[in-house]
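> let me see the structure of the following:
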Amino acid sequence: MYMDAVVIAGVGTVLLMVGFMAAVGYFVMRDARHKAVKATDRKTHSH
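Numbering: from 1, shown residues only. Here you go, the predicted model:
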């Protein structure tokens, strides 16, 4: 396969974008789960 500097830069850019989106998705899911636990905690202790 022909590997030019532009091809390597393009592949690197795509990998960085995919990694960034995966990290954002991970933090969003973790935060949503954390808030869901707090919401249920608040409901059970609001007597």
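> can you show me the helices along this protein?
Secondary structure of the chain (DSSP state H): helices at 5-44.
> what residue ranges in it score low on pLDDT?
1, 39, 41-47 (pLDDT under 70).
> one more pass at 80, please.
1-3, 36-47 (pLDDT under 80).
> how many residues are close by His34?
Neighbourhood size, His34 [other CB atoms under 10 Å]: 10. For every residue, glycine as well, the C-beta is placed using N, CA and C.
> distance of it from Ala23?
Noted for His34: a distance of 16 Å to Ala23, by CB to CB, to the nearest Å.
> and what of Arg30?
Between Arg30 and Ala23 the computed distance is 11 Å (CB to CB).
> likewise Arg33?
16 Å.
> before we move on, what about Asp31?
Going from Asp31 to Ala23 by CB to CB gives 12 Å.
> likewise for Lys35?
In this view, Lys35 and Ala23 are 19 Å apart by CB to CB.
> and what of Tyr2?
Tyr2 is 31 Å from Ala23, by CB to CB.
> neighbour-wise, which of those two wins?
Neighbours per residue, other CB under 10 Å: of Tyr2 and Ala23, the larger number sits with Ala23, 10 against 4.
> contact partners for the more buried one?
If you count contacts by CB atoms under 8 Å, 6 or more residues apart in numbering, Ala23 has none.
> and it, how far is that from Val14?
15 Å.
> kindly report the same for Ala32.
Relative to Val14, and taking CB to CB, Ala32 is found at 27 Å.
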